[in-house]
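Engineer: I'll drop the sequence and a predicted model, then ask my questions.
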Amino acid sequence: MARGTLVSELRTVPDDPAAVLDLVENQGWGDGFPVIPPTAERVQAMLEATPLPPAHVVGVVEPRRGEATVEKIAVNAVLAGCKPEYFPAVLAAVEAVCEPRFNLYALNTTTCCATPALMVNGPARQRLGLECGYSCLGQSGRANATIGRALRLVMRNVGGAIPGAVSKSVFGQPGRVSLCFGEWEERSPWPPFHVRRGFAPADSVVTAACATGTQDIADIWAETGEELIWVLAHSIDWIGNNKVLVKQEQGDMLLLLCPDFAHKIARDGIDVPRLQQMLLEWTRAPIERWHRAHWPKLEQRGYVEGNVVPLARHPEQFLIAVAGGESGHHALYFCTFGLTWSVSKPFALDAGYTGGEACELPGTGPGR
């Protein structure tokens, strides 16, 4: 596994958790929550989880354009509370958000509250103890909380996304501390998300998508898949949607379905491509929803087709996954910032993370 001399500056602090937290917060390295002191021994233990050398640059983190070396990422992973076995997933997440098409520069400097949402697929979910079901987005355990938090600390400490100084998010959001979960593949009626992206079922993959928050969608009346999709579509095409403010052909949106919702839709013979197409067709808001004074602005931008304003231009812009508890009647929509494309990266636990090619849905991306 990884070997090499650490180059990070060492500081001597009292053997007191409160003193360590004070140092981290005073230096601007933290997020307000307790941290694990990144001692040389703990960082070395983290590095044992990958064959990559400490000086290897996983990605360049915008907007500071800081080089995210394996060592720097390890330091932040320790701070976040990660176990060493989580480290390959953290490395893959960092590499994913550093892909140009993810557009981390825009995400880290926007006035919006956008943040990466990390979804893990494959056998790593069980190996790492990632929650995919009940409360998978919060209060769900160490892996979910610390993998997402490690990425956010890298974005802050390597990328320079300091609130107020660089990150101009008006409100921020809880997901800017951590937002990480697994897809509940075993409860999905469709192939797992990563398989639909071209990976093998046995691959472990982390997908970074953009989320400006979590919007709960509840329904207790729909008896058919078509009725339910109607509810879903008209719950996400609201006029204040950040997606409406940018080019409709740009950016993708993640929609999480609880197992009950997914099976209700699949029971009617609707697969994921058909679901995506129905969402595309039904998220076309009448222009009358906007104030008349805004109609010329929408038309000048080319957003209007006839008398409707589409939310998207291509069905693949709607990302579908299954997660959350059973016996419920909820979906969760991650509204996109609108200027980012999701990126998926594979990682291995036994052999360690060595970097991997990104994968995206056919026909999507900045060129569309």
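Structural biologist: Noted; the coordinates are in hand. Numbers count the residues shown, from 1 in each chain.
Engineer: give the contact list for the closest residue to residue 74 other than its chain neighbours.
Structural biologist: The spatial neighbour of residue 74 that comes closest, neighbours along the chain excluded (Cβ to Cβ, 6 or more residues apart in numbering), is residue 46 at 4.1 Å. C-beta: built from backbone N, CA, C; applies to glycine. Contacts here follow Cβ atoms under 8 Å, 6 or more residues apart in numbering; on that basis residue 46 touches 74, 77-78, 82, 84, 87.
Engineer: Surely residue 46 forms part of a helix?
Structural biologist: Yes. Under DSSP: H, G, I helix; E, B strand; the rest coil, residue 46 sits within a helix.
Engineer: Mind exporting the C-alpha coordinates of stretch 245-262 to CSV?
Structural biologist: Coordinates of each C-alpha in stretch 245-262 appear next as CSV, following Å, rounded to 0.1, in the frame of the first residue of the first chain:
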residue,chain,number,x,y,z
LEU,A,245,-32.6,30.0,-14.5
VAL,A,246,-30.0,28.3,-16.8
LYS,A,247,-30.0,26.5,-20.1
GLN,A,248,-32.6,23.8,-20.1
GLU,A,249,-30.3,21.4,-22.0
GLN,A,250,-27.6,21.7,-19.3
GLY,A,251,-27.3,19.8,-16.0
ASP,A,252,-29.0,16.7,-14.7
MET,A,253,-31.3,16.1,-11.7
LEU,A,254,-31.4,13.3,-9.2
LEU,A,255,-34.8,11.8,-8.1
LEU,A,256,-34.8,9.2,-5.4
LEU,A,257,-37.8,6.9,-5.2
CYS,A,258,-38.6,4.9,-2.1
PRO,A,259,-39.0,1.2,-2.8
ASP,A,260,-42.8,1.3,-2.7
PHE,A,261,-42.9,4.1,-5.3
ALA,A,262,-40.4,2.4,-7.6
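Engineer: Check which residues of that stretch are buried.
Structural biologist: Using 16 or more other Cβ atoms under 10 Å as the test for burial, stretch 245-262 gives 246, 248, 250-262.
Engineer: for that stretch, what is the average pLDDT?
Structural biologist: What stretch 245-262 shows for mean pLDDT is 91.
Engineer: switch to numbering from 19
Structural biologist: From this message on, residue numbering opens at 19, which makes the last subject stretch 263-280.
Engineer: all helices for the protein, in order.
Structural biologist: Here the chain has its helices, by DSSP state H, at 35-45, 58-65, 88-98, 105-115, 122-127, 142-146, 160-175, 211-214, 243-254, 277-285, 290-300, 313-318.
Engineer: ok, residues contacting stretch 205-225?
Structural biologist: Applying Cβ under 8 Å, 6+ apart, the set of residues contacting stretch 205-225 from outside is 107, 110-111, 114, 136-143, 145, 151, 201, 203, 277, 280-281, 283-285, 289-290, 337-340, 344, 360-367, 377-379.
Engineer: List buried residues within those.
Structural biologist: Among these, those classed as buried by 16+ other Cβ under 10 Å are 107, 110-111, 114, 136-140, 142-143, 151, 201, 203, 277, 280-281, 283-284, 290, 337-340, 360-367, 377-379.
Engineer: Once you drop chain neighbours, what's closest to the residue most central in space within the chain?
Structural biologist: Against the mean C-alpha coordinate of the chain, by Cα atoms, centre = their mean, the closest residue is residue 135 at 1.7 Å. Nearest residue to residue 135, sequence neighbours excluded (Cβ to Cβ, 6+ apart): residue 229, at 4.0 Å.
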